[in-house]
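>>> Give me coordinates for this.
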Amino acid sequence: MIDIQSNRTIDQRAADNIRALAAAMVEKANSGHPGGPMGGADFMHILYSEFFNYDPSDMAWPFRDRFFMDAGHLSTLLYAQYYLFGNYNKNDVENFRQWGSVTPGHPEVDVLRGVENISGPLGQGHTMGIGAAIAAKFLAARFGNWMNHKIYGFISDGGIQEEISQGAGRIAGHLGLSNFIMFFDSNDIQLSTTTDEVTTENTAMKYESWGWRVISIDGHDHDEIRKALKEANNETEKPTLIIGKTIMGKGCVTVSGENYEGHCELHGQPIGHTGADYKETLKHLGANVDDPFAIYEEVSAFYQDVIKKKIAQTVVKKSEIDQWKKSNPKLSEKLDKFLSGTLPEFDFESIVHEPGLATRAASANVLGYLAENMENMIVSSADLSNSDKTDGFLKKTHALKKGDFSGAFLQAGVAELTMASLANGMALHGGVIPVVATFFVFSDYMKPAIRLSAIQELPVKYVWTHDTFRVGEDGPTHQPVEQEAQIRLLEKLKNHNGKPCFLALRPADSAETSVAWKMALENQDTPAGLILSRQGIKDLPVISASRYEDALAAQKGGYLVKEVENPDVVLIANGSEVSTLTAAAQILESENGLRVSIASIISEGLFKLQSQNYQNSVIPKDKPLFGLTAGLPINLEALVGDNGRVFGLNHFGYSAPANVLDDKFGFTGEKVSKQVLEYLKTR
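As a prediction, this is how the structure comes out:
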């Protein structure tokens, strides 16, 4: 902590400078949210100038404090603060929300400028911060308490209301995340109403009931902010919520100079479009109306001094870390590998699978192996570890607990969205590989966080089991039909680096499951999902030396598991349907004299990245093509083309045993062979 002698004048000038910059950015863009940043400016200035530990000359330093913005619409608050530190230049803040600008409307990950996370969908920003705090505790348990950096969050009334805040608050309190400190900018105003029109809950009591320390302050009183941050930094048992009562549009005045603070209309539009006057407000804040993006001279000098002190403070901390590294060379090497994302040497072929396993059971075998061979993996399950078979990992470790982060399994409880968002935060922090699991149908609960995984290009691993209607007796609510189509769409959507933003893997048997895990772990630029069966699947026939060697061809997204010269038809599927096609092919060959090839396409997105020659060698466009999917036909329609046919489902499931549903829906070898013959008659 930097001990700067309190100077009420410069503190007030700095906060007012932030307010003026926020107002100017929104006014010039004619778009944005000025009122909230004007209210939160006091907290930001005190936090960053006196408490926030980082190296301004080395922004990616892995042992820095981290700030996770939840209220992404308050982006100008973050940009203005880092503008004072020199991370943005004048042109950057002048071009807020413009094409090609580094100051987008909502913050996007930009670590070198100080932006740790994307934010915008309320509630997820602070939840990612809590995930980062879990990662930091996990690493400190393995490398020492010198790794004592803090994770700060900033949340608004809207973020507090989002349902995800309940899951995040419960887990943070349950785990005793004393390294997480969150400021609640409580101004009683949201976009379209005052908060008392939508809620009467006692926020302090709510967080206290979850096991948080709660401190309520005047969010504009610098001494109260300072005192609260000192107490929060000294807390060793609980996460801390600082409730700062602030005023929306702090500093706004009318054209005649009268106070115009606290109005709802100041939330989401330029000040000049409200009852306040933009120029008079700038004057009231001490800004130059003719140069509203200028940093006040004395504020600039003050922050230059702060920068020097922070760098000097970091030099001391880095020296401490260097001494630890010299005293602990093996641990130091391990830590470097964790932080760089370097994977150990794996021998997936050595993992033994009994014949005919469900792919979720095969995944359990892989997870058991990883528990013993990958020391920085954190696996989490939404109260389903014994069903999604992540207990294969849990049996080799133990759950994270308050005061004991030596384990590697996070019991998230029934909170799929929270769990996925926490995983994003772990990935953003770095040093750990997060894995989250639930039933495939409940991926619906996770979609907002999956989307942010994709946008932020985070290597989170999703494990989804019970992948089809073969869940059976649980009925239509638990039987995924449309979910694969939704996830496969992400393979068609490109991230800002021009690559498919998601890798979806649905393995056809145990060997492909081992390969799918290999692919997921080696995929370090985007999230990946494994889509796994509840029911046992007959292993595919061995072609070469071993089924695992054959399955390695899945690393191209698809390959032929059965190949004949000049086939009469090529059958296409992924997952358990490949086995069904094998049974159908046996009938077509023995009873109908047809020559049949079978393609297993574990990932359409990855397959489409291969050369056209390779794609044609697996799925020749001059041959009849028949696809089988337990989901919507669209899952395979792009692969079979206009002249092919896909047999799938166009309805929800029913409650009955899986084998009954297979028969009723037409997913047996015999019934599929008839579908193939019917298709061939039309050609």
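
>>> S600: how many residues sit nearby?
For S600, the neighbour count with other Cβ atoms under 10 Å is 31. From N, CA and C alone the C-beta is placed, and that goes for glycine too.

>>> What ranges in the stretch 251-400 of the chain fall below the confidence cut-off?
Within the stretch 251-400 of the chain, not a single segment meets pLDDT under 70.

>>> can you give me the helices for it?
Taking DSSP state H, counting those that start in this stretch as the criterion, the stretch 251-400 of the chain contains helices spanning 278-284, 297-327, 329-340, 359-373, 391-394.

>>> now this structure, which segments are flagged as low pLDDT?
For the chain, the ranges with pLDDT under 70 are 1-7.

>>> thinking again about what came up before, can you tell me which of the helices of the stretch 251-400 of the chain is nearest to D444?
helix 359-373 (18.8 Å; Cβ to Cβ).

>>> Against which helices or strands is that closest one packed?
Applying 3 or more Cβ pairs under 8 Å, 6 or more residues apart in numbering; DSSP states H and E, one finds that helix 359-373 makes contact with strand 377-381, helix 391-394, strand 461-465, helix 510-522.

>>> want to try CSV for these, with distance to F440 as columns?
Below are the helices and strands packed on helix 359-373 laid out as CSV (distance: least, Cβ to Cβ, whole Å):
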stretch, distance to F440
strand 377-381, 14
helix 391-394, 18
strand 461-465, 4
helix 510-522, 14
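
>>> could those be laid out in JSON lines, adding distance to D65 and mean neighbour count?
As requested, these are arranged in JSON lines below (distance: least, Cβ to Cβ, whole Å; neighbours: other Cβ atoms under 10 Å):
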{"stretch": "strand 377-381", "distance to D65": "21", "mean neighbour count": "25"}
{"stretch": "helix 391-394", "distance to D65": "31", "mean neighbour count": "23"}
{"stretch": "strand 461-465", "distance to D65": "27", "mean neighbour count": "26"}
{"stretch": "helix 510-522", "distance to D65": "30", "mean neighbour count": "25"}
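
>>> between the ones you listed, which gets nearest to A362?
It is, among the helices and strands packed on helix 359-373 and with distance given as Cβ to Cβ, helix 510-522, at 3.8 Å.

>>> and the angle for the closest one with strand 461-465?
150 degrees (axes from the mean of the first three to the mean of the last three Cα atoms, to 10 degrees).

>>> from the chain's centre, how far out does helix 510-522 sit?
21 Å (Cα atoms, centre = their mean, to the nearest Å).

>>> Packing partners of that helix?
helix 359-373, strand 503-505, strand 528-531, helix 547-551.

>>> what about 10 Å?
helix 359-373, strand 433-439, strand 461-465, strand 503-505, strand 528-531, helix 547-551 (3 or more Cβ pairs under 10 Å, 6 or more residues apart in numbering; DSSP states H and E).

>>> quick one: which of the ones you listed is nearest L339?
strand 433-439 (11.8 Å).

>>> returning to that earlier point: of the helices of the stretch 251-400 of the chain, which approaches K492 most closely?
Across the helices of the stretch 251-400 of the chain, K492 has its closest neighbour in helix 359-373 (23.8 Å, Cβ to Cβ).

>>> so the most centrally placed residue in the chain is in which element?
The centre of the chain sits closest to N424, judged by Cα atoms, centre = their mean, with a distance of 3.0 Å. Using DSSP states H and E, N424 sits within helix 416-429.

>>> Pull the number of nearby residues for the nearest residue to S546 once chain neighbours are set aside.
Once flanking residues are discounted, S546 sits nearest to E349: 7.2 Å by Cβ to Cβ, 6 or more residues apart in numbering. Look at E349: counted by other Cβ under 10 Å, it has 16 neighbours.

>>> From the chain's centroid, how far away is stretch 94-102?
So, by Cα atoms, centre = their mean, the centroid of stretch 94-102 is 25 Å from its chain's centroid.

>>> how far does that stretch stretch from start to finish?
11 Å (Cα to Cα, to the nearest Å).

>>> Now do the buried residues in it.
Across stretch 94-102, burial judged by 16 or more other Cβ atoms under 10 Å covers 94-97, 101-102.

>>> got it, and stretch 259-267?
Across stretch 259-267, burial judged by 16+ other Cβ under 10 Å covers 260-267.

>>> How about stretch 415-431?
For stretch 415-431, by 16+ other Cβ under 10 Å, it's 415-431.

>>> quick one: the closest residue to F502 other than its chain neighbours and N635, what's the gap?
Spatial nearest neighbour of F502, chain neighbours left out: L490 (3.5 Å); criterion: Cβ to Cβ, 6+ apart. According to Cβ to Cβ, to the nearest Å, L490 stands 13 Å off from N635.

>>> who's more crowded, these two?
A count of neighbours by other Cβ under 10 Å puts N635 above the other of L490 and N635, at 27 against 22.

>>> mind checking the SS state of the more buried one?
helix (DSSP: H, G, I helix; E, B strand; the rest coil).

>>> what's around the closest residue to it other than its chain neighbours, how many residues?
Closest residue to N635 apart from its sequence neighbours, by Cβ to Cβ, 6+ apart: T629 at 4.3 Å. Residues within reach of T629, counting by other Cβ under 10 Å, total 25.

>>> R534 now?
Using other Cβ under 10 Å: R534 sits among 24 other residues.

>>> Check the one 4 residues further on too.
With neighbours defined by other Cβ under 10 Å, the count for K538 comes to 16.

>>> Then the one 3 residues further on?
Here the neighbour count serves as a burial measure; for P541 (other Cβ under 10 Å) it reads 11.

>>> Make sure it is actually in contact with D550.
Yes: with contact defined as Cβ atoms under 10 Å, P541 counts as touching D550 (8.7 Å).

>>> shared neighbours, these two?
Contact criterion Cβ atoms under 10 Å, 6 or more residues apart in numbering; residues shared by P541 and D550: V561.

>>> Counting neighbours, show which residues of stretch 580-587 come out buried.
Those would be 580-582, 584-585, 587, for stretch 580-587 by 16+ other Cβ under 10 Å.

>>> In terms of distance to D525, which of these ranks first?
Distance to D525 across these (Cβ to Cβ) is lowest for L581, with 32.0 Å.

>>> wait, doesn't that closest one sit right on T668?
No: using Cβ under 10 Å as the test, L581 is too far from T668 to be in contact (11.3 Å).

>>> roughly how far apart are the residue nearest to F502 and E108?
Counting by Cβ to Cβ, the gap from L490 to E108 is 18 Å.
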